[in-house]
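Colleague: return atomic coordinates for the entry below.
(one chain, ligands or ions: 1)
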Amino acid sequence: MEKSKIGRRFEGKVAIVTASTQGIGFSIAERFGLEGASVVISSRRQKNVDEAVKKLQAQGIEVLGLVCHVSNAQQRKNLIDQTIQKYGKIDVVVSNAAANPSVDAILKTQESALDKLWEINVKTAILLIKDASPHLTEGSSIVFISSISAFQPPTGLAMYGVTKTALLGLTKALATEMGPRTRVNCVAPGFVPTHFAEFITNNETMRKSLEETTSLKRLGTTEDMAAATAFLASDEASYITGETLVVAGGTPSRL
Ligand code: NAP
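Modeller: So this is what the prediction gives:
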């Protein structure tokens, strides 16, 4: 959608998006900001945070940028503390960080890689919500970023896919635990040509074959993912919780 046609559903809201200095996380933060939210962005590197803050500010977006490696407890605490100090509340949390340290078959994956996958993709998502929960407002909203790989973990992304499957269950469980005050939903993106996916999408043959698996005959964009996330986080989705929205151009996922 053209930026000038975007609405203002997040006026007065405060939204935290993790891993948000580029790619899908950045577009989600940008979308919330363009719709009126104060956004809190973060990632591991100060330089990336500074650059992303500048890009958002140039569009008139109110933004706080912090360094936060999601598996660093002190940095996660600081993310929440600074948000509260500056904005006083949290309306939306998008848990977007993920790692894919191995392309090995599951039974060939090193224990250290299994630990990292669980830690970054699942455990820290839980710990972040735990830290944020005392500050979440009535009608607040959590969105987890899973993956199309959650439904049928592909070869080469198998264990990563399994951690993304875990997020579907986490969404269901937390929706029950956190309702009625907070809704919890999930977005499962198809393939999007970002830095994270470039080892797949930069390969011409692989890219073509991925495009062919979609009904829309194209890969996704970061803006496609931001639009779906913003819908789920907005009051327009006020009777939707515990759900996963597949945003994958018709790539087979589930009935
Ligand atoms: P990306 O473009 O590579 O961006 C990753 C962002 O995360 C960067 O801002 C990076 O900045 C930050 N980051 C990386 N590790 C981090 C950590 N441990 N703690 C905090 N920040 C971290 O990735 P993306 O494709 O947008 O992926 C975002 C999410 O979408 C992930 O959950 C991924 O699994 C999911 N997803 C992606 C695709 C796809 O095809 N791209 C498909 C399905 C699902 P720094 O380097 O400064 O930390």
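
Colleague: pLDDT on stretch 166-176, on average?
Modeller: For stretch 166-176, mean pLDDT is 98.

Colleague: CA atoms only: put it into PDB for me.
Modeller: Extracted C-alpha coordinates of stretch 166-176, given in PDB (Å, rounded to 0.1, in the frame of the first residue of the first chain):
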ATOM      1  CA  ALA A 166       6.600 -24.100  18.900                       C
ATOM      2  CA  LEU A 167       5.600 -20.500  18.500                       C
ATOM      3  CA  LEU A 168       2.200 -21.600  17.100                       C
ATOM      4  CA  GLY A 169       1.600 -23.500  20.400                       C
ATOM      5  CA  LEU A 170       3.000 -20.600  22.500                       C
ATOM      6  CA  THR A 171       0.500 -18.300  20.800                       C
ATOM      7  CA  LYS A 172      -2.400 -20.600  21.800                       C
ATOM      8  CA  ALA A 173      -1.200 -21.100  25.300                       C
ATOM      9  CA  LEU A 174      -0.400 -17.400  26.000                       C
ATOM     10  CA  ALA A 175      -3.700 -16.300  24.500                       C
ATOM     11  CA  THR A 176      -5.500 -18.300  27.200                       C
END
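
Colleague: can it be said to contact the ligand?
Modeller: No: Stretch 166-176 is not in contact with the ligand by C-beta under 6 Å from any ligand atom; minimum separation 8.9 Å. Yep, even glycine has a C-beta here, placed from its N, CA and C like the rest.

Colleague: and the contacts of that stretch?
Modeller: 121-122, 125-126, 129, 142, 144-146, 150, 183-186, 188, 241-244 (C-beta atoms under 8 Å, 6 or more residues apart in numbering).

Colleague: which residues in this protein form helices?
Modeller: Using DSSP state H, the helices found in the chain span residues 23-34, 46-57, 73-87, 111-118, 124-132, 158-178, 198-201, 204-213, 222-233.

Colleague: and those helices as JSON lines, adding mean neighbour count?
Modeller: Listed next are those as JSON lines, based on neighbours: other C-beta atoms under 10 Å:
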{"stretch": "helix 23-34", "mean neighbour count": "26"}
{"stretch": "helix 46-57", "mean neighbour count": "16"}
{"stretch": "helix 73-87", "mean neighbour count": "16"}
{"stretch": "helix 111-118", "mean neighbour count": "15"}
{"stretch": "helix 124-132", "mean neighbour count": "19"}
{"stretch": "helix 158-178", "mean neighbour count": "19"}
{"stretch": "helix 198-201", "mean neighbour count": "14"}
{"stretch": "helix 204-213", "mean neighbour count": "12"}
{"stretch": "helix 222-233", "mean neighbour count": "23"}
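
Colleague: got CSV for those, with distance to Gly250 too?
Modeller: Compiled in CSV, those are given as follows (distance: least, C-beta to C-beta, whole Å):
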stretch, distance to Gly250
helix 23-34, 19
helix 46-57, 31
helix 73-87, 36
helix 111-118, 28
helix 124-132, 27
helix 158-178, 19
helix 198-201, 18
helix 204-213, 9
helix 222-233, 12
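
Colleague: flag every residue of the stretch 101-250 of the chain that's near the ligand.
Modeller: Ile120, Ile145, Ser147, Pro189, Phe191, Val192, Thr194, His195, Phe196, Ala197.

Colleague: of the residues you listed, buried ones?
Modeller: Ile120, Ile145, Ser147, Pro189, Phe191, Val192, Thr194, Phe196, Ala197 (16 or more other C-beta atoms under 10 Å).
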